[in-house]
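sequence-free structure coming up:
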């Protein structure tokens, strides 16, 4: 098994079922082959960002990654999950997570959120009474690479949007060595009103 330490960015937003961004939601990604995990807490825009390169023993092609987002308010637990297979040629995995108000079966038997992630990753969907509401949103995506073949810019738009017209949201990734240390948005926001071909002209923050 050949492990890889190149950046592999996991990112997206966490929303409730009414598409309201959730701040302070805990997002965890577990490599089911090794049991190692990385995690992040969403910001005010509901955004999370993690990098599989930060796993202790990195990752390998075709590893299965189990992701879970949790938001707890009083006795109400909002919960979503997602699995995907690592494809080293991608270098990035974008996922929007929509939480349902539910109490997973494993929650009552665990003492921490990290234990909840691992417990639920071992169950089949058929064994869960109330699972997540996970909504796929399909976007056209463009990537632009900088030095050392590292992703510098990422852009998303509705299918059919050309690179020369408004309708893109664009972000810039910065690195130290092989680690992603900062992600900034064009004009300081993630609105779909940018032009991909003008990505070098925006101020990112």
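Yep, that arrived. Keep in mind that this is a model prediction, so the values were computed, not measured.

Would you point out the helix or strand in the protein whose mean pLDDT is lowest?
Least confident helix or strand of the chain, by mean pLDDT, DSSP states H and E, is helix 113-121 with a mean of 45.

After that helix, heading C-terminal, what element do we hit next?
strand 140-145 (DSSP states H and E).

So which bits of that following strand are buried?
Within strand 140-145, the residues that qualify as buried are 140, 142, counting by 16 or more other C-beta atoms under 10 Å. No exception for glycine: its C-beta is placed from N, CA and C like everyone else's.

residues in contact with it?
92, 94, 151-161, 163, 168, 196, 199 (C-beta atoms under 8 Å, 6 or more residues apart in numbering).

show me what contacts residue 41?
24, 25, 26, 27, 48.

Just the buried residues of the residues you listed.
Taking 16+ other C-beta under 10 Å as the criterion, what is buried in the contacts of residue 41 is 25, 26, 27, 48.

Check which helix or strand the nearest residue to residue 185 once chain neighbours are set aside maps to.
The shortest distance from residue 185 to any non-neighbouring residue, by C-beta to C-beta, 6 or more residues apart in numbering, is to residue 171 (5.0 Å). Take DSSP H and E as the rule and residue 171 turns out to sit in strand 169-176.

Show me which positions of that strand end up buried.
Neighbour counts using 16+ other C-beta under 10 Å place 169, 170, 171, 172, 173, 175 of strand 169-176 among the buried residues.

Just want the phi and psi numbers for the residue nearest the centre of the chain.
In the chain, the residue lying closest to the centroid (C-alpha atoms, centre = their mean) is residue 11, at 2.7 Å. Here is the backbone geometry of residue 11 (degrees, to the nearest 10): phi -150, psi 170.

for residue 31, what are its contacts?
Counting by C-beta under 8 Å, 6+ apart, the residues that residue 31 touches are 37, 52, 55, 59, 63, 64, 65.

Reformat those as JSON lines; add secondary structure.
Output for these, formatted as JSON lines (DSSP: H, G, I helix; E, B strand; the rest coil):
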{"residue": "37", "secondary structure": "strand"}
{"residue": "52", "secondary structure": "helix"}
{"residue": "55", "secondary structure": "coil"}
{"residue": "59", "secondary structure": "strand"}
{"residue": "63", "secondary structure": "coil"}
{"residue": "64", "secondary structure": "strand"}
{"residue": "65", "secondary structure": "strand"}
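
returning to what we had before: my guess is the residue nearest to residue 185 contacts residue 154. True?
Yes. Taking C-beta atoms under 8 Å as the definition, residue 171 is a contact partner of residue 154 at 5.4 Å.

Can you tell me the closest non-neighbouring residue to residue 164?
According to C-beta to C-beta, 6+ apart, the nearest residue to residue 164 is residue 197 (5.0 Å).
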